[in-house]
Every structure is written in structure tokens, then in C-alpha cells.
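Asks: quick check, what structure comes out for this input:
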Amino acid sequence: MAKSKIKKELKEWGIFAIILLTLYFTGLHTEVAAFAQRAVLATGIANPNTDPIIDKEKAAYDFTLTGMDGTTLDFKTLKGKVIFINMWATWCAPCIAEMPSIQGLYDNYKDNSEVVFAMISFDKDPAKAKNFVAKKGFDMPIYFPNETQIPKVYESKGIPTTYVISKEGYVAYKKVGMANYDSNSFAKMLDGLIAK
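Replies: I've put the predicted structure just below:
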């Protein structure tokens, strides 16, 4: 009796291991983890805290990024606009989990000339990020860091990390970790920054 119980347990663990290995070697483990995290975002638990930052840091504009089409974005040209910056990578499950909410936010503001979106991919192979956004149907502006280092004010210990820069040139919002950006509270904060 004990022998058959051990065999049954080994079989169950074997099936579980095969599923995990299949997810890992097919690259689907990130997608599965992102799907689970997206469910958490849908609950509203991870809505961004939009309380005003008391000690605002001065934003930096002295760097450039390269777009998916090869064009250069000089951040100095964005002074005086509200800038939504998100740092992400295709191998980051929380990054992938929040992408649909960022796309929703972008859809609501893409025609507003006062707001600029910069999704900065940290994938070592830009083709991987390009393929990912094409497959998902995202049309947010995707950029890659150049040789110039990302300024210290935008350094973070992890990704995803999101910043919103005010028209006056201050970091008005910073979040390390995933959040649901397609929310009324976040839109209200952005609208307030645009109206200034």
C-alpha cells in the first residue's frame, strides 16, 4: 500500500516537473506568470498611489534613446511636456502584466500633444522587444538606451519602473513594480499635470 502511494506521488511530481520544464524551455513561463499577475492587477490591489510627491527630484533631459525604427529621441526636445517613462523587458513577467494597462492609458492620451510616452526596453536584443510588441499589437512608442547612460534620477533597483515627469521638469510620480495605469486615479493625476 505504501509503495503504491509513493509511486502515485512520484508520478504526480513527474507530471508537475514536465509541465514546468515545458513552460520554461518554450519560453511560456514569463507569459503564464504575467497572466497570473495581470489577474492581480484586475482586482485593483495594484492601482498606483497617485499622492503628490513631497520632495520632488529634478528630472534629467541630457540623454537620447533609439526608437524601434532607428530614429533618435533627444530628451531635451521633451522639456515642457508631461512625460510617461516606463522601463521594462520581455523577460520580466510584471512588466508584461502591466503592459495592457499602459496601452490603455496610451490609447487615451496618444492624441494629446502635451503628453509623451517613452517605453524603454532593456532587452539586450532589440528584435526581441520589437517582435513582442508586434505580436501583442501594442503601438506605444518603444525605445532602447543608447551608449549614453540613463541619468541617475531614473536609476532603479528593478523593473518595471515608471516615472512621470511634470511640465516644470520634476519627477511627479515614481513606481518600482507593476501597477494598473489605466485607472481613473492615474488619469486624474495626469490630467492635473497637463492642466498646469
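Asks: so residue 86 sits in a helix?
Replies: No. With DSSP: H, G, I helix; E, B strand; the rest coil as the criterion, residue 86 is located in strand rather than a helix.
Asks: quick one, helices of this protein?
Replies: Applying DSSP state H to the chain gives helices spanning 2-26, 28-42, 93-109, 126-136, 184-195.
Asks: so where's this structure uncertain?
Replies: In the prediction, the chain carries residues with pLDDT under 70 at positions 1-3, 5, 7-47, 52, 54, 148.
Asks: again, 50 this time
Replies: 20, 23 (pLDDT under 50).
Asks: I'd assumed residue 169 was in contact with residue 193.
Replies: No. In this structure, residue 193 sits apart from residue 169 without contact. The criterion is Cβ atoms under 8 Å, and the distance is 11.7 Å. The C-beta positions use only the backbone N, C-alpha and C, and glycine is treated the same way.
Asks: who's more crowded, these two?
Replies: Using other Cβ atoms under 10 Å as the criterion, residue 193 and residue 169 rank with residue 193 on top: 21 against 16.
Asks: list the contacts for that one?
Replies: In this structure, residue 193 makes contact with 82, 164, 166-167, 172, judged by Cβ atoms under 8 Å, 6 or more residues apart in numbering.
Asks: change it to 6 Å
Replies: Shown here is residue 193, whose contacts under the criterion Cβ atoms under 6 Å, 6 or more residues apart in numbering are 82, 166, 172.
Asks: please list only the buried members of those residues.
Replies: The neighbour-count test (16 or more other Cβ atoms under 10 Å) applied to the contacts of residue 193 identifies 82, 166, 172 as buried.
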